[in-house]
Structures are given as structure tokens and as C-alpha cells.
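Trainee: need a structure here:
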Amino acid sequence: MKHTISRRRFVTTTAATGLLGMVPRHGLGAPGQTPPGGKLNIAVVGLGWMGSKNVQTCANENIVALCDVDHAFAAPSFKAYPKAAVYKDYRVMLEKQKDIDAVLIATPDHTHAVIAMAAMQAGKHVFCQKPLTHDIHESRMLAKAAKEAGVVTQMGIQGHSAEGLRLICEWIWAGAIGTVREVDAWCGLSYSPHGHSWWSSPLGDRPKEGMPVPADLDWDLWLGPAAERPYHSGYHPMVWRCWWDFGCGMMGDRGAHTLDSVKSALKLGAPTSIKGSGIVGGNAEVHPDKAVVVYEFPEREGFPPLKLTWYEGQPPPRPKELEEGRELAYDGGVLFKGDKGTIMCGVYGDSPRLIPETAMKAYQRPDKTLPRIKGSHEQNWIDAIKAGTKASADFSYSGPLTELALLGNLAKRFPDQKLLWDNELMKVTNLEAANEWVRRPYRKGWSL
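Mentor: Alright, predicted model coming up:
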């Protein structure tokens, strides 16, 4: 079978990724409330770090509500938008403030799904930071709910709205490196020592004793659907991502970005198997420092089977094409390994180059056929809401992308075992214990 992609197939498959054009929708969740060109009323949930940055890119709209369980940590954002109503509980906000058109979510991973679901059920458009959810079941349910609600959604993977990802797609689809059967993706970073921050000492395991809850923090709300435990500064602020109960580790942090260009360029659906190995560090409480995850994908229309290897806390083997003295980026990237060449890019699909550089200089680039997005990833979401169209990384795309990352985490829980994945059943078919990590239990009183 010839695995190069025809011009006709190029256009067809491009449209399928959401990179081409926009899919018309009917209404804005609250039809007639926000006419094209008018300003949206935006609420933000989670303002300690990424939320404070995301809201700045939305500042030309009406920032009408700000919600955070820690009012001391969120104080700078409250001060920056004095006209916005202030809340601790997103449920109270959604119930009380009916003028909200759209909600931006930048809380810890374990609360993404419940907040996003509540917002969509209230008819609000949703921007949610990556990874979309904390477990695979949540991702599947959010994608389904977004489709049913007809709202405009976006996951915070800024590379999906950027130039680099589009170049990679255009080059690979034009045959720049031939047929791609293998990809290496990596992140050299680590959260070790776990629980460290500017405010707390390193922790190797769950703290044996709690600490007094800060006066401005609602710890019960911060825990949300996670199992109850005493407060400790090794969880909050800003050091929750390494803990299995709260964060998706480096796979959710960087993997959600790095696998984006791979999924788009190679039209990845679900893998048939995943296998984790080389686990270093970590335990039942915290993610490992190093790991290798191998995904196997079946043949797709126009593409052969693919082996995708994710290297965590370490780089992949050095490609023979890379010039002497030129290093792989420590923070991460992707190597697309074709039978006629190799493309290397950064974490976000940025700065793609054929390697060695002599190959890049000799390459005659194809025409740019994918539409380019003007402005920020957040602005793309805002523009889509106003136009009644589809944002670049809506939940129909970013839900399955998040599932890829979370399957990698699942594989790390059962090292050296090849897990067979049935995507339709959303189930590991050869190890029942692994399915406990497909859908994690919620604390009493919480539901999706």
C-alpha cells in the first residue's frame, strides 16, 4: 500500500482535524445574548497562575466574575479587575450570576471536569486549561457533553493555534520525509523533589501531618472530588501536579502539548496498546521522575501503523541525522522519523526543521494550504464564540488528545506490561486492574 497522501486526501483529512475552516454552529449557547462584534461576559475560575495569564488575553472582553478557592493567592487578579464579582465556589457563581457567556478554567487538573461540565450544562462556552481532565472517562464525557450542549469549547494548548503545527502538517502531508512509521516525543523535565516550591520543603511522600489551613483558603473546595486529606503547603499553592490524586504529572503537563502535533500531522486516533517501562522514582502518591511509554497505533487511511515512544524525564536516543554539537532541547520536543528524512520540533510544535540543517536548506517548502489563526489561542476561542463557529482545539479534538496522555499515565501504573486498549469500550482488555485508572472514584457529594 502506498502511504503518501494525495492532494484530494490532503484537503479531506485536513478538514477533519479542525485546522481547516470552521464548522458552523447555531447560536451561542444563549442565542441572541452576544451579537457578533459585541463583548462577551467572561468568568474565570482559578487565578493563581495560568488563569491570571489567560485572563489578560481576554481583557478586551467584559471580565464579569472571578472565582478562586484561595482569595489571597488570587488577590492580584482581583485587584486588576475591580469591576468583576468575586467568588470562592464556582457553583454559587453559575447559579447567582446569569449574565455570564463564557467560562475560562485554570484550576488544578482534578477539578477541571466537574467545573467544565457544570458550565456547559449552564449553557456557557468553556475554555479549559490542559490537560482537559484527570481521567479518561472524564475526557470522554466532556467531549460528549460539549457536542450535545452546542457550546464553543477550547483546551489550553496554544501550539494548536500556532504556525509550527501547521507547517509540520503541510510538510508531512506533502511527503517531505516520506512515510512515517515511528515518532519519538520527550520531556526532560521532572517535578523531583516532589512537593517542593518556593513556600515549602521537599516531600518524598504524603505528609504524615497536616498544616493549619490558610485563612483565605477553602480547602474542602480545593479538594473537590478528590479524597479528603489534611491541608499541606506541599500540595497548594502550585505544587499539586506531581500528586496522582490532583495532577496528571509531566504527561498531562507537557505531553498534552507535545503529542498535539503528532496527533494532528499523523491523524492519530486511539492506540491499540500502551506499555510503560524504565520507571524511576515515584510511588503510589506521586508521579515518577523518569519513564518510557510506547504506544502502538493501527493503520489509518493514508498512514501506516505507527510506533510512538514518549520519553519522560530524559531525551530520546540521539538521531543520527543531528549535526555534531547540536543538542536535543532539554525541555522537550518531537522527532518525526520518515523513511526519507526526519523533522524535529519543539514542545508546542514550534520551530520545526528538517535535520540535518542542510536538508532544511535544500527543502522546497510546499504552499501554505492550512488557514492561519490570528491572535492568541484564547482569542481564537473568543472569535469562534462570536462567529458561531468551532475553535481550533475544541473538546472533540482535545478530549481524545487528553485521553492519549492519560493512557500514558495508566501504562506507568503497570510497568513492563503491554496493555491492550479497546477504545470503543473504553477498557483495557487484558488487565482488569488497569481499568481502575480509566475512571477514578469521586468523593461523596461530587459527581460529573
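
Trainee: make it CA atoms for all contacts and neighbour counts henceforth
Mentor: Fine.

Trainee: Please, where are all the strands along the stretch 151-300 of the chain?
Mentor: Counting by DSSP state E, counting those that start in this stretch, the stretch 151-300 of the chain has strands at residues 153-156, 180-187, 273-280, 290-297.

Trainee: and the angle for the third one with strand 290-297?
Mentor: Just to be clear, that refers to strand 273-280. Here the directions of strand 273-280 and strand 290-297 differ by 170 degrees (axes from the mean of the first three to the mean of the last three CA atoms, to 10 degrees).

Trainee: Check which strands are paired with strand 273-280 and give the direction for each one.
Mentor: For strand 273-280, the pairing partners within the sheet under DSSP bridges are strand 290-297 (antiparallel), strand 419-422 (antiparallel).

Trainee: Over to the shortest one?
Mentor: Based on DSSP bridges, the pairing partners of strand 153-156 within the sheet are strand 125-129 (parallel).

Trainee: Identify the residues contacting the strand it pairs with?
Mentor: By CA atoms under 8 Å, 6 or more residues apart in numbering, the residues outside strand 125-129 that reach it are 28-29, 101-107, 112, 116, 119-120, 151-157, 378, 381, 385.

Trainee: Can you tell me which of those residues end up in helices?
Mentor: 112, 116, 119-120, 378, 381, 385 (DSSP state H).

Trainee: And the helix or strand that contains S52, what's buried?
Mentor: For S52, the host element (DSSP states H and E) is helix 50-57. Of all the residues in helix 50-57, those buried under the rule 16 or more other CA atoms under 10 Å are 51-52, 54-55.

Trainee: of those, closest to M251?
Mentor: G51 (20.3 Å; CA to CA).

Trainee: quick revisit: out of the strands paired with strand 273-280, nearest to A362?
Mentor: Ranking the strands paired with strand 273-280 by their distance to A362 (criterion: CA to CA) puts strand 290-297 first, at 31.6 Å.

Trainee: Output that closest one as CSV, nothing but the C-alphas.
Mentor: Output in CSV follows, covering the C-alpha atoms of strand 290-297 (Å, rounded to 0.1, in the frame of the first residue of the first chain):
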residue,chain,number,x,y,z
LYS,A,290,11.5,9.1,34.6
ALA,A,291,9.6,6.7,32.3
VAL,A,292,9.3,5.5,28.8
VAL,A,293,5.8,4.8,27.2
VAL,A,294,5.4,3.0,23.9
TYR,A,295,2.1,3.5,22.0
GLU,A,296,1.1,1.3,19.1
PHE,A,297,-1.4,2.8,16.6
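
Trainee: what mean pLDDT would you report for that strand?
Mentor: For strand 290-297, the mean pLDDT works out to 98.

Trainee: Reformat the strands paired with strand 273-280 as CSV; add mean neighbour count.
Mentor: Output for the strands paired with strand 273-280, formatted as CSV (neighbours: other CA atoms under 10 Å):
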stretch, mean neighbour count
strand 290-297, 22
strand 419-422, 19
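
Trainee: Ok, which of those comes nearest K144?
Mentor: Across those, K144 has its closest neighbour in strand 419-422 (18.1 Å, CA to CA).

Trainee: among the strands of the stretch 151-300 of the chain, which is nearest H71?
Mentor: Of all these, it is strand 153-156 that lies closest to H71, at 23.3 Å by CA to CA.

Trainee: can you give me the offset of that closest one from its chain's centre?
Mentor: 8 Å (CA atoms, centre = their mean, to the nearest Å).

Trainee: which residues sit against it?
Mentor: For strand 153-156, contacts defined as CA under 8 Å, 6+ apart pick out 125-132, 146, 377-378, 381, 390-395, 398.

Trainee: Just the CA trace of that strand, in CSV.
Mentor: The C-alpha trace of strand 153-156 is given here as CSV (Å, rounded to 0.1, in the frame of the first residue of the first chain):
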residue,chain,number,x,y,z
THR,A,153,-15.0,24.9,23.7
GLN,A,154,-11.2,25.1,23.7
MET,A,155,-8.4,23.4,25.6
GLY,A,156,-5.4,25.5,26.5
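
Trainee: what number of residues lie near the residue lying closest to K83 once chain neighbours are set aside?
Mentor: Residue nearest to K83 in three dimensions, not counting chain neighbours: V64, with 6.9 Å by CA to CA, 6 or more residues apart in numbering. A count of nearby residues for V64, using other CA atoms under 10 Å, gives 20.

Trainee: Report the secondary structure element holding V64.
Mentor: Using DSSP H and E, V64 sits in strand 62-67.

Trainee: Report all helices and strands that that strand contacts.
Mentor: strand 41-45, strand 85-87, helix 90-96 (3 or more CA pairs under 8 Å, 6 or more residues apart in numbering; DSSP states H and E).

Trainee: residue boundaries of the helices in this protein?
Mentor: All helices of the chain, identified by DSSP H, fall at 7-17, 50-57, 75-80, 90-96, 112-121, 136-149, 163-173, 219-223, 249-250, 256-266, 357-362, 377-387, 395-413.

Trainee: want to try TSV for those helices, with mean pLDDT as columns?
Mentor: Output for those, formatted as TSV (pLDDT from 0 to 100):
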stretch	mean pLDDT
helix 7-17	40
helix 50-57	93
helix 75-80	96
helix 90-96	98
helix 112-121	98
helix 136-149	98
helix 163-173	98
helix 219-223	98
helix 249-250	94
helix 256-266	98
helix 357-362	97
helix 377-387	97
helix 395-413	98
